[in-house]
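# Give the three-dimensional model of this entry:
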Amino acid sequence: MTIEISSKSAKYPTDPRGQKRLRQLTELGEFDELPLAGIPSTARYLVTYMNSQTGGRVRSSTVVSVTNQSDRINRVFVSFFKGFSDDSMAVGVAAFPIPAHYTIDFSSRDLPGELTTCNAICSPELVFDEGRAIVSSMWPEIGVSSRVYYTAGDRDEDLLSITDSNIVVYGKYNQGD
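The predicted structure follows:
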C-alpha cells in the first residue's frame, strides 16, 4: 500500500518543481507504508508533554512536526507513551518516510484540516492519554517541534488554545530552557 498525499492537502507543494519531485518519489515507491518494526531507527528527541483526550468538555491532540534536513528520505517514527510508564511499551506509533527537506506533522489523533494537516496519525488514535513522545529516525538530520491543540465540540470545531511542548535530545537532560 502506498501513502496518498492529496493535491488538496495544505502540505502539497504549490510550485511545479515541488509537484514533479513528489510525483517522482511516489513513482519510485518511496512512500510505501512503513512497518512499525524492523526498520532501523534511533531515538533522537523526547517530546516532554503529550496530551490526547476526547472524553471531556475540553479535548486535546498532540502534533509533532518533523523536518527532514537530510539529503535523502528519512523514515521517522513518533512513539507515544503514557506518563507513568517506561519506554518499553508505546501506546501508539505514527510513522512516515519524509522526503529530503520536507516537513511532516505526526498527530496523536486526527484533527480537522482547518486547524492543522496531520500527515501521519497515531495507530491506534489516542483518546484518553497523557504522557510523552519519542521521535526516532534513520538519519539524525531532523528538526522537531511539538504542540498540544486544545479544542471543544464533538468534532474539535472550536479551538481553545495551542501550547508548545519542550523538546529535549533523547537521553540528555533539560538545561532549563
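# Pull the distance from stretch 146-161 to the chain's centre.
A distance of 17 Å separates the centroid of the chain from that of stretch 146-161, by C-alpha atoms, centre = their mean, to the nearest Å.
# And for residue 112, the neighbour number?
Neighbours of residue 112 under the rule other C-beta atoms under 10 Å: 15. C-betas here are computed from N, CA, C, even on glycine.
# Kindly apply the preceding question to residue 77 instead.
Using other C-beta under 10 Å, residue 77 has 24 neighbouring residues.
# Residue 140 too?
Close neighbours of residue 140, defined as other C-beta under 10 Å, add up to 10.
# close enough to count as contact, it and residue 44?
Yes - assessed by C-beta atoms under 8 Å, residue 140 is found in contact with residue 44 at 6.3 Å.
# In PDB, could you pull the C-alpha coordinates for the helix or strand where residue 66 lies?
In the assignment (DSSP states H and E), residue 66 maps to strand 59-68. Presented in PDB, the C-alpha positions along strand 59-68 are these (Å, rounded to 0.1, in the frame of the first residue of the first chain):
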ATOM      1  CA  ARG A  59     -10.400  17.800  24.000                       C
ATOM      2  CA  SER A  60      -6.800  17.700  23.000                       C
ATOM      3  CA  SER A  61      -4.400  16.300  20.500                       C
ATOM      4  CA  THR A  62      -0.600  16.400  20.300                       C
ATOM      5  CA  VAL A  63       1.000  17.300  17.000                       C
ATOM      6  CA  VAL A  64       4.800  16.800  16.400                       C
ATOM      7  CA  SER A  65       6.300  18.500  13.300                       C
ATOM      8  CA  VAL A  66       9.400  16.900  11.900                       C
ATOM      9  CA  THR A  67      11.600  18.500   9.200                       C
ATOM     10  CA  ASN A  68      13.900  16.200   7.300                       C
END
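# Show me the helices in the protein, by range?
16-27 (DSSP state H).
# how about the strands in it?
For the chain, the strands defined by DSSP state E occupy 42-53, 59-68, 74-82, 92-98, 103-107, 120-121, 128-137, 142-152, 158-164, 167-169.
# coming back round to it: what's the strand holding residue 66 packed up against?
strand 42-53, strand 74-82, strand 92-98, strand 103-107, strand 128-137, strand 142-152 (3 or more C-beta pairs under 8 Å, 6 or more residues apart in numbering; DSSP states H and E).
# got the ones you listed as a markdown table, with mean pLDDT columns?
Formatted as a markdown table, the helices and strands packed on strand 59-68 follow (pLDDT from 0 to 100):
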| stretch | mean pLDDT |
| --- | --- |
| strand 42-53 | 97 |
| strand 74-82 | 95 |
| strand 92-98 | 94 |
| strand 103-107 | 96 |
| strand 128-137 | 96 |
| strand 142-152 | 98 |
